[in-house]
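Asker: structure for the following, please:
(chains A and B)
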Number of protein chains: 2
Amino acid sequence: MNDLAIHLTEGKGKHLYEQIYEYIADEIREGKLLAGEKLPSTRSLADYLQVARSTVELAYDQLQSEGYIESVPYKGYYICRVEELYRISASGDRRRDTDGKRSWRPDGEKDGREGGKASQMGGKSGRRIDIDFSPNAIDMNLFPFGTWRKITREILSGDRKELFALGEPRGDLELRRTVCRYLHSSRGVNASPEQVIVGAGNDYLLLLLQYILGRDITVAFENPSYRRAFRIFSSFAARTVPVPSDENGICVEGLLSSGANVAYVMPSRQFPTGTVMPIGRRTELLRWASSAADRYLVEDDYDSEFRYRGKPIPSLQSSDTAGRVIYIGTFSKSVAPAIRISFMVLPERLLTAYEKSCGFFSSTVSRIDQTILNEFILSGAFERHLNRMRKAYREKHDLLLECLQPLLDRFRLSGEYAGLHVLLTSRAPAREEELLEKAAACGVRIYGLKEAALAPLETSCATVLLGYGGLNMEKIREGAGRLNAAL
Amino acid sequence: MNDLAIHLTEGKGKHLYEQIYEYIADEIREGKLLAGEKLPSTRSLADYLQVARSTVELAYDQLQSEGYIESVPYKGYYICRVEELYRISASGDRRRDTDGKRSWRPDGEKDGREGGKASQMGGKSGRRIDIDFSPNAIDMNLFPFGTWRKITREILSGDRKELFALGEPRGDLELRRTVCRYLHSSRGVNASPEQVIVGAGNDYLLLLLQYILGRDITVAFENPSYRRAFRIFSSFAARTVPVPSDENGICVEGLLSSGANVAYVMPSRQFPTGTVMPIGRRTELLRWASSAADRYLVEDDYDSEFRYRGKPIPSLQSSDTAGRVIYIGTFSKSVAPAIRISFMVLPERLLTAYEKSCGFFSSTVSRIDQTILNEFILSGAFERHLNRMRKAYREKHDLLLECLQPLLDRFRLSGEYAGLHVLLTSRAPAREEELLEKAAACGVRIYGLKEAALAPLETSCATVLLGYGGLNMEKIREGAGRLNAAL
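Answerer: Now for the predicted structure:
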């Protein structure tokens, strides 16, 4: 015990659980705590530190979700084996993470993550679908229309002619500066404005990659993954390959044998599985990328905004010392899908390729919209909006989990405490279609994992997605109730 | 080089390009770098500092947009006179610049039609350019800010949540309907809304063509032509070929011998020559297109709104019975460049290819902007705006022609009565650079035909472009007067 010489300082600054988390994380990174070592139980450490047990649990949860430690049932917490670690962003940056400033999700229709329009009729049964657990629907009731109007009016009232002129191809410098500050404080992303390309949606930014990376690339995807991205890369990349992934995400052995030189990943929360990529796997990936001249990781940080327990997971880019991570984020979901503003952070080494091959493409985002968004962020309205959304989504999330309890003897729950959907996996062999059909028969739409499959999923069990972002509390209670009866 | 003793510090704090910018700006203010001195090329400074060339370019752009340095075509970057800096800082743009609202050089500056901002200083002479006959500048004083604000306010005031949702990939049906009606009445274009693809700018729509037409195409261009389109097609098309053209436009014999299967044309008013393609040539082109399965004509109808004599020239698409014309138009000239809304009308036969290859790409235009534009058109404000602009531009056009009379013994005038620029071609052999230099020496910027050349132009005479859209009457009179004396 005494080898954990944690000195906690009460009051302002870091929360106690953060101090515990950071102390232990540092000890592990510095090799003072070794792989396989057992951590004190939450109770004994809480007694030892004279803090609430929940505080220690919070710290352990965080360490676990980031892959520093693992919990062995009936045994306790153990240090994970983590090869020489890349430095995560400074804790100073991370502290501000708790300000709550995050949420991305690419836009689009037909691909799982986009939820999309559910057909209004429920399969064979023909019963009308009146509750749609779309994994992507967001709650537009929370959108601050008033503030948006006010900012828009103020910006237009200036007769600021320059706003009606064509802007810079990369996006307005002010917005790119703001995005840099925002990404640095909220995601630990290290970038200068010149590395930021603002574009009208992720699809467009992914299209630009064919000019930056060239078309003779092999892009690896986890299976299942975000099919829209898979389709877009398939539209130009020489090869796109699904690569086996385990509970920690994409497997590096699979990457190597696939011959891929680009890997598309969602380390903060994989879609659709909700997996958080642990630090160990991140390190392996970064080493894989830096060990050949033309290897890159595309980090789609689509929904890191919403975590309902512990601190946000730092971005992969923040640990990238070799300049191999292409970071992509969007405001489509954190602000509104209609706001067609996404951004891509290119590593320095790719800036010349960008300039040469597509640096002359006109910006796809109106300067007026860029200015409104910039003001929305600078004014603090964005942060307030995110906090409101996070609170509302957490309440929906908690209610759904509570209402799904009766199902948990037949289904395993996963992907909780973050994002806008959870997953249910049947404990016994089952057919996905059957589950969707049963749900539809009682007027409820749920989504199958297969929708996101890039290759057959080897499992006899069925997994379904339940999104709660777009449903109000009654609908969630009612829908969960029907599912309890139906599944 | 060694006299630029810039010490860059990586990492936190100022970004590299800012450090370069500030170092050079200080040197100039402190008189260590003197007016007229030539700066190292971006490449050599980048090599010297071991930074990406784009980093130096950013710094130079910034210095130029703030009037510290100027770019002299075909020569390089030169230091401006310091006393000029105060002159510049008095101007509105400059004032905004110091607010941090820096007016960065618009992209495509070198692509003629995009016009863009002229550097503040005139070549060797070092005389300040105070009259810029940019062929692309438009008169934003005519923009109905009030109406635009009012429409925006009305649309946002409805808390119309659906506007903040993601729209259809092709664009909102209402806008596509409106575009169809507008195109039919004003350009004779025959199209149903399903043929219309709304996108964020022509560049994006041209990028989509690589998915619709495939990349194994040979695209023919007139010479000279719109270089930006040439560059974009060159970025994906298997081959792009300049084809000889005569006073009626692109020659069909040249097309046939070039082996092209796609021809990019501007029949209503070719840029930069201003040629209007006569019906005879149009018929030949349409016959050429329909006489092979995979042949298409891309009609860029970029500024057909502005004709000051006679009826508007009907679009090529309106006489296309074989479904071989891909019609592209934009609102960035008729409304404002910042309105990133262009549209493409696909022939029926290409709709399946569109659906299959890129029909799933998310729309690149915000629904809010689409709704505002739609209302702007439906309310009649667009037509009133066009009429106001037509009237104003006609007056400028007429005045310029009148003031250029004295030059017409030495120069042949062409491209008049339409668009936003005219051309002067020397009757005697002359060098284009010389004319630009003479104009610059008296503080006037005019533009050379060579900027739009895709291949050497076989002529011993020099042709220059004079745009009048962005100049007021005095400037036009004053500028023409100086040119009469100088050329």
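
Asker: please count neighbours and contacts with C-alpha atoms only from this point.
Answerer: Fine.

Asker: quick one: contacts for the residue of the stretch 201-350 of chain A found nearest chain B?
Answerer: For the stretch 201-350 of chain A, the residue closest to chain B is A:Ala338, as judged by CA to the nearest CA, at 4.4 Å. When contacts are counted by CA atoms under 8 Å, 6 or more residues apart in numbering or on different chains, A:Ala338 touches A:Ser332, B:Leu163, B:Phe164, B:Ala165, B:Leu166, B:Gly167, B:Ser366, B:Arg367, B:Ile368.

Asker: in a markdown table, list these along with secondary structure, distance to B:Leu408 and neighbour count.
Answerer: What follows is the contacts of A:Ala338, written out as a markdown table (DSSP: H, G, I helix; E, B strand; the rest coil; distance: CA to CA, whole Å; neighbours: other CA atoms under 10 Å in any protein chain shown):
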| residue | secondary structure | distance to B:Leu408 | neighbour count |
| --- | --- | --- | --- |
| A:Ser332 | coil | 56 | 26 |
| B:Leu163 | helix | 55 | 21 |
| B:Phe164 | helix | 56 | 22 |
| B:Ala165 | coil | 57 | 21 |
| B:Leu166 | coil | 55 | 27 |
| B:Gly167 | coil | 53 | 23 |
| B:Ser366 | coil | 48 | 29 |
| B:Arg367 | helix | 50 | 24 |
| B:Ile368 | helix | 49 | 22 |
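
Asker: turn the residues you listed into a markdown table, columns for distance to B:Leu351 and pLDDT.
Answerer: Shown next, in a markdown table, are those (distance: CA to CA, whole Å; pLDDT from 0 to 100):
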| residue | distance to B:Leu351 | pLDDT |
| --- | --- | --- |
| A:Ser332 | 28 | 81 |
| B:Leu163 | 26 | 79 |
| B:Phe164 | 27 | 77 |
| B:Ala165 | 25 | 75 |
| B:Leu166 | 22 | 75 |
| B:Gly167 | 19 | 80 |
| B:Ser366 | 23 | 90 |
| B:Arg367 | 23 | 90 |
| B:Ile368 | 26 | 90 |
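
Asker: and which of these is nearest to B:Ala440?
Answerer: Closest approach between the contacts of A:Ala338 and B:Ala440, by CA to CA: B:Ser366, at 41.6 Å.

Asker: out of the contacts of A:Ala338, who's nearest B:Tyr77?
Answerer: B:Ser366 (38.6 Å).

Asker: may I have the phi/psi pair for the closest one?
Answerer: For B:Ser366, the backbone dihedrals (degrees, to the nearest 10) come out as phi -60, psi 140.

Asker: surely it and A:Ser332 touch.
Answerer: No. Using CA atoms under 8 Å as the test, B:Ser366 is too far from A:Ser332 to be in contact (10.1 Å).

Asker: and for those two, which residues touch both?
Answerer: By CA under 8 Å, 6+ apart, B:Ser366 and A:Ser332 have these common neighbours: A:Ala338, A:Ile339, A:Arg340.

Asker: isn't there a strand covering the first one?
Answerer: No. Remark: A:Ala338 does not belong to a strand; assigned using DSSP: H, G, I helix; E, B strand; the rest coil, it is coil.

Asker: and the pLDDT for it?
Answerer: Looking at A:Ala338, its pLDDT reads 74.

Asker: ok, the spatially closest residue to it that is not a sequence neighbour - contacts?
Answerer: Of all residues not flanking A:Ala338 in the chain, B:Phe164 sits nearest, at 4.4 Å (CA to CA, 6 or more residues apart in numbering or on different chains). Counting by CA under 8 Å, 6+ apart, B:Phe164 touches A:Met140, A:Ala336, A:Pro337, A:Ala338, A:Ile339, B:Arg367, B:Ile368.

Asker: swap in A:Gly259?
Answerer: Contact analysis of A:Gly259 by CA under 8 Å, 6+ apart lists A:Thr218.

Asker: repeat that for A:Tyr468.
Answerer: A:Phe133, A:Ser134, A:Pro135, A:Ala137, A:Tyr393, A:Lys396, A:His397, A:Leu400, A:Leu420, A:His421, A:Ile476.

Asker: ditto for A:Arg307
Answerer: A:Arg390, A:Tyr417, A:Ala418, A:Gly419.

Asker: show me what it is bridged to.
Answerer: A:Ala418 (DSSP bridges).

Asker: so which bits of the stretch 251-400 of chain A are right by chain B?
Answerer: Selection of the stretch 251-400 of chain A residues close to chain B by CA under 8 Å from any CA of the partner chain yields A:336-340, A:348-349, A:351-352, A:355, A:357, A:360-368.

Asker: ok, and the closest non-adjacent residue to A:Tyr264?
Answerer: A:Val298 (4.7 Å).

Asker: tell me, how many residues neighbour the one you found?
Answerer: A:Val298 has 24 neighbouring residues, counting by other CA atoms under 10 Å in any protein chain shown.

Asker: for it, phi and psi?
Answerer: Torsion angles, degrees, to the nearest 10, at A:Val298: phi -100, psi 110.

Asker: for it, which residues make a bridge with it?
Answerer: A:Tyr264, A:Ile326.

Asker: pLDDT at it, what is it?
Answerer: pLDDT at A:Val298 comes out at 98.

Asker: got a list of what it touches?
Answerer: Applying CA under 8 Å, 6+ apart to A:Val298 gives the contacts A:Val262, A:Ala263, A:Tyr264, A:Val265, A:Val325, A:Ile326, A:Tyr327, A:Ile328.

Asker: how close does the fourth one sit to B:Thr9?
Answerer: For A:Val265, the distance to B:Thr9 (CA to CA, to the nearest Å) stands at 32 Å.
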